[in-house]
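Trainee: How does the following fold in three dimensions:
(one chain, ligands or ions: 1)
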Amino acid sequence: MLYRCYAKLNFTLEILRLRDDGYHDLASLVHTVSLADDLRIELANELLTRVEGLDIDPETNLVARAAERLVSATGRGSRVGAELSLVKRIPAAAGLGGGSSDAATTLVGLNALWDTRLGLTDLVRLAAELGSDVPFFIRGGAAVMRGRGDELEVLPPLTGQWLVIAVPPHDVLDKTRRLYGSLQPSDFSSGAMTQQAAERLRNHEQLLFDHLANGFERAARAVFPGLSDAWSQAEQVCDRRFFLSGAGPALFTLATDRADARRQLGKLADSNVVAHAARTVKHARASLRFAPETRIGYP
Ligand code: C5P
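Mentor: Residues are numbered from 1 along each chain as shown. Next comes the predicted model:
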């Protein structure tokens, strides 16, 4: 069976506070987009994972870890096994959630292949053990993430919003931890921007530039060498604002339609970012559909 592992963009990402357990409480409006990895999952005699399109393999590790976690949680798979072949297209460690999406898809795919029949709650619990934003990718679509990222409120998705994603060169080790570690109290905000943006989706309205925000902006400019230059160059050639996704360094902007997105790709061709056109994807999996505003993972 072939699965698509969609990337995400954070239309808003607000950091609310540092918690006693060392994590930060967030409010973030996230959405899956059409940029995707492919994950083929087949029965095999043992558990095998391989990857194409990436030299380093933290993402394969996350697929392998997800598979091992499902085996230990259910006791299945140790006899039957599976072969997982990942074709990477989502740039790794860029703020686009590629590794987390691969891990969530592994849980969903193996749950089907091995007929382990875990329900949504159990899948989300295992996902949260693999990383704070893995639960979102069990379902995908549009959601507000709260808590450390694992509390989800499902929202009506944006339909056919075109976007341009621009990824500057980057190789910052242990990026997520470093970015969180570089935050200052002045980077924290109330969550009001996220509420406002979420309200637009509840009302089936499009997002405008003024609804987008990211609390990692200052820290990302400080941590990623060359990010500020790449950022202003992208804004100059496309004549519009770009926003950070996740902890960066991937940037994105809104496009009016497919033709506009393509035009912007042309303008970015000579810059030092790798640019992709993408559109919003309403849910990652047809088999896991929930009514809008379902809450997942709330105590
Ligand atoms: O949960 P995950 O493994 O993705 O998080 C990696 C690191 O990022 C954590 O150890 C923590 O330092 C930081 N983090 C945080 N607040 C969050 C999510 C992650 O401080 N909400």
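Trainee: Provide a list of residues in contact with the closest residue to Met1 other than its chain neighbours.
Mentor: Take Met1 and drop its neighbours on the chain: the residue closest to it by CB to CB, 6 or more residues apart in numbering is Ile41, 5.4 Å away. Glycine gets a C-beta too; all of them are placed from N, C-alpha and C. Applying CB atoms under 8 Å, 6 or more residues apart in numbering to Ile41 gives the contacts Met1, Tyr3, Ala82, Glu83, Leu84, Thr106, Gly109, Leu110, Leu113.
Trainee: Also Leu163?
Mentor: Leu9, Val33, Phe252, Thr253, Leu254, Ala255, Ala261, Ala277, Ala278, Arg279, Thr280.
Trainee: if we can go back for a sec, for the contacts of Ile41, which one is nearest the ligand?
Mentor: The ligand lies nearest to Thr106 out of those, by CB to the nearest ligand atom, at 16.0 Å.
Trainee: if I read this right, the closest one contacts Glu68, doesn't it?
Mentor: No - here Thr106 lies out of contact with Glu68, judged by CB atoms under 8 Å, at a distance of 9.9 Å.
Trainee: These two: who's more crowded?
Mentor: Taking neighbours as other CB atoms under 10 Å, Thr106 and Glu68 compare with Thr106 leading, 30 against 15.
Trainee: what about the closest residue to the more buried one other than its chain neighbours, is that helix, strand or coil?
Mentor: Closest residue in space to Thr106, ignoring its immediate chain neighbours: Ala66 at 3.9 Å, by CB to CB, 6+ apart. Using DSSP: H, G, I helix; E, B strand; the rest coil, the structure places Ala66 in helix.
Trainee: how much space between Ala66 and the ligand?
Mentor: Distance, Ala66 to the ligand, by CB to the nearest ligand atom, to the nearest Å: 13 Å.
Trainee: In a strand, Val144, correct?
Mentor: Yes - assessed by three-state DSSP, Val144 belongs to a strand.
Trainee: what residues are up against it?
Mentor: Contacts for Val144 (CB under 8 Å, 6+ apart) come out as Ala27, Ser28, Leu29, Val30, Leu152, Glu153, Leu155, Thr194, Ala198.
Trainee: ok, now which ones touch the first one?
Mentor: Contact criterion CB under 8 Å, 6+ apart gives Thr12, Glu14, Leu16, Val144, Met145, Arg146, Gly191, Thr194, Gln195 as the residues in contact with Ala27.
Trainee: Could you give the bridge partners of the second one?
Mentor: I take that to be Glu14. Beta-bridge pairing of Glu14 under DSSP bridges involves Ala27.
Trainee: same thing with the fourth one?
Mentor: Here Val144 sits in beta bridges with Leu29, Glu153, going by DSSP bridges.
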